[in-house]
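S.K.: Generate coordinates for the sequence data below:
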Amino acid sequence: MSAAYYLYQMSNDLKYLEKIISVGRKHKNLSEYSKRLIVDTYIVLKQYNKALKILQDMNFKSDLKISLLYLKLKDYVNAEIYLVKAKENTVNNKKLNDIIWFMIFRDLKANDIVKLDEHLDELRERRVSFDTNFSLPLKIFFNKNKFKPAEYLEFVTRFDTNRIIDSIFYFTPFVFSDNDEIIYDSSKGFIFKSKQNLESLEDMVEYNANFIELIKLDPILRVTRLKKLIDKDTKSYVYYNLGVSYAQINDFHNAYKFFRKAYKLNPGNKLFSAMTLISAKRINKIVPEKVYIESNILSKRGLYNYFGQSIYKMVINPTATVNVEALYFEKSIFFKAINYLNANINADVQADEALLVEHYKDPYVYLMSLILRKEGESDYIYFSRLQDTLPININNNFLQGPLIITRYYVDILKSLGLFNKADLNIVGQHSPSYLRTKALRDLHSGNPAATVGILEYLQGQYGLEDKYTMYLIVAGLLEAGKYNEASLQISLIKALLKDNGADFLTGVQLIQAMKISSAKQFLKAKYIDSLIDFKLDNFDKYLEEL
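M.R.: Predicted coordinates:
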C-alpha cells in the first residue's frame, strides 16, 4: 500500500490509488498507518464520506482533519464541534492560526453571524502574527453547483419566503380601477363585480386599451412601455400595475417604489398596502409608516380586503385574521394561488388543489404540479417520473416570461441533475427575458464573456437595475477572472440597492485583506444567493497534506 501511494505521488496515476483501496478491502485488521493511508487515498479521490467513516474508527484521530471533512460535506454543525476540539488541543501558533481561519470560513458558509463575530475578534487579536490568509486565501467565486440536488429539491417543493413573495407577485391580478370593481386575472381575463362595471371599463378605455396590449409583451418590454404611461395625473392603479410588472422581472426596489406610490394615492386599497409591505420585506426595507399601514390593512373597511389581508397574514403577520370573504374574487387564479401557497407553507399541498387542477396550462403551475409527489410514490418511482416527464427540449415556455418561471425550472433541473442535458436555446428568439436566460446558460457552459456582454446590452437598452441581473454580471466577471471588475460591480450593487448580500461579499473581501473592523460592519445579515459563493484556495491541498 505504501509503495502504491508513493508511485501515485510520483506519477499522479489514479490506478495506484485504486490498488490501495482494493488491498484495504481485502484486509479487516488494518494497522493505524494503513487506515490513515486509505483515508488519505479517499481524500485525494474526493470520497469524503468514506474517508470520514474510517477516520472516525481510528484510535488516533485528527480532530482538524475530521472537521475539514465535515466542511467538505457541508455539515457545518459537526465541523464546528471538531474545530473547537482541535483548537483546545493545539498549542502550535501556526496551527492555531489555521484553525481560527477555518472557523471563520465555517461561520461564513453556515451563515452563523454570532460565532463569526466572535472569531473575527480572535483573528484581530492575532493579526500581527497571522499569515494563513496568504496560504489559504479567501475568495468569492461563481459556483454553478452551490447547493446539493437534495437542497434544490427542497427549494422547489417547500418554498422559502422569497419564493412565496415572488409567487404572490406572479399571480396577483392587474387592476383597472381606483375601486375594487375591475381586475384582470391572468387566467380568466377581466373580472367584474357586476355588469354595471362595464361602464367603468369604458371610462378608462385609453389606459386599458394600451395595457391590454402591453400584457401580451415580454415582461421587460412591458415595464419599458408602462413607464411611458406615467404622468403627473397618474392614477393609483397605474402605479400598482407598474409595480407588479417590475416585480415580475425581479426588480423589487422599483416594485416597492411604485407600490408605495399606489398606496399613498389610495391608502384605502388593502392590496396596494399589503404589496408595499411585502415588496419592502423582499428587499429588507424599513417602511416608515408600517404601523399605520398595518392598522389600515386589519380594519374592516376598504378595497380588496380579502386579497390584502390574506397576503399580509401569509408574509408579514401569521397571527393576523382575515375578517372578510373573497366573494366574487373566488373565480380568480390569485384566490386559488393564495390557498396553494398557504398549503405549501404548511407542507400540506394536495394533488386536488384548485390551482393545480384548474390552471395546469400556466407554465409555473404546470411545473408545481409536476414536482408534487404522488401518494404512495417511492423515491425511485418519483425521481424516475420526473426525469421522464420534465421537458428538457420542448421547454420554450419556461425560458422566457416572468423570471420566477425560469428560475423555478432551473432549480428543478439542478435537483434532478438534468441542467446540462436541457436545451436552453430558442433559435431566432431575441426577447429581453430570453436573452437573460441565455446569459445564464452561457455562464454555466463556460462562456462568461458572452454572459457579461448580453447583460450589459440589456442594461443599456432597457435600463435594468434589478439584483438578479447585477449579480449575474458579478458571476460572469468572476468566472472570467476579472476579480477587480467584479468587486466594483458589487460596490455598485451596494450603492444602488443597499443590498445585504453585497455587504456580505464586501465583508468577505475585507476579511481576506485583514481589515477586520471594517469587515464586521458589513457582516450583519445572513447571506442568501444562488450564484456567488466563497472558498479557500488551496483547501484541497491542505487537506491532502494534513
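S.K.: hey, which helix or strand in the chain has the poorest pLDDT?
M.R.: One helix or strand of the chain scores below all others by mean pLDDT, DSSP states H and E: helix 197-203, with a mean of 46.
S.K.: Where does pLDDT dip in the protein?
M.R.: Residue ranges of the chain with pLDDT under 70: 1-9, 11, 13-17, 19-28, 177-209.
S.K.: So which residues of it form strands?
M.R.: Here the chain has its strands, by DSSP state E, at 138-142, 174-175, 182-185, 189-192, 532-536.
S.K.: can you list the domains in the protein?
M.R.: Domain assignment for the chain by automatic domain parsing gives 2-141, 159-346, 391-545.
S.K.: how about TSV for those, with distance to Phe383 and mean neighbour count added?
M.R.: C-beta here means a position set from N, CA and C on the backbone, and glycine is covered the same way. Shown next, in TSV, are these (distance: least, Cβ to Cβ, whole Å; neighbours: other Cβ atoms under 10 Å):
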stretch	distance to Phe383	mean neighbour count
domain 2-141	21	16
domain 159-346	20	19
domain 391-545	7	18
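S.K.: a markdown table please, covering the ones you listed and showing distance to Glu353.
M.R.: Formatted as a markdown table, the domains of the chain follow (distance: least, Cβ to Cβ, whole Å):
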| stretch | distance to Glu353 |
| --- | --- |
| domain 2-141 | 32 |
| domain 159-346 | 5 |
| domain 391-545 | 17 |
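S.K.: Of all those, which one comes closest to Leu372?
M.R.: When the domains of the chain are compared by Cβ to Cβ, domain 159-346 sits nearest Leu372, at 10.1 Å.
S.K.: From the chain's centroid, how far away is the closest one?
M.R.: Mean-position distance between domain 159-346 and its chain equals 23 Å (Cα atoms, centre = their mean, to the nearest Å).
S.K.: end-to-end on it?
M.R.: In domain 159-346, first residue to last residue: 10 Å (Cα to Cα, to the nearest Å).
S.K.: Same question for stretch 138-149.
M.R.: 25 Å.
S.K.: Identify all contacting residues around it.
M.R.: Contacting residues not belonging to stretch 138-149 are listed as 74, 101, 104-105, 155, 414-417, 443-444, 448, 475-476, 478-479, 483, 486, 505, 508-509, 511-512, 530-537 [Cβ atoms under 8 Å, 6 or more residues apart in numbering].
S.K.: how far out from the middle of the chain is it?
M.R.: The answer for stretch 138-149 is 12 Å, by Cα atoms, centre = their mean.
S.K.: Could you do stretch 392-402 as well?
M.R.: The answer for stretch 392-402 is 19 Å, by Cα atoms, centre = their mean.
S.K.: Pull out the CA atoms of that stretch and give them to me as PDB.
M.R.: Output of stretch 392-402 as PDB, limited to C-alpha atoms (Å, rounded to 0.1, in the frame of the first residue of the first chain):
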ATOM      1  CA  ILE A 392     -35.800  19.400 -21.400                       C
ATOM      2  CA  ASN A 393     -36.200  20.100 -25.100                       C
ATOM      3  CA  ILE A 394     -39.700  21.400 -25.800                       C
ATOM      4  CA  ASN A 395     -39.400  24.000 -23.000                       C
ATOM      5  CA  ASN A 396     -39.700  27.400 -24.500                       C
ATOM      6  CA  ASN A 397     -42.500  28.400 -22.100                       C
ATOM      7  CA  PHE A 398     -40.000  28.100 -19.200                       C
ATOM      8  CA  LEU A 399     -37.200  30.100 -20.800                       C
ATOM      9  CA  GLN A 400     -39.000  33.400 -21.300                       C
ATOM     10  CA  GLY A 401     -41.700  35.400 -19.500                       C
ATOM     11  CA  PRO A 402     -41.600  36.300 -15.700                       C
END
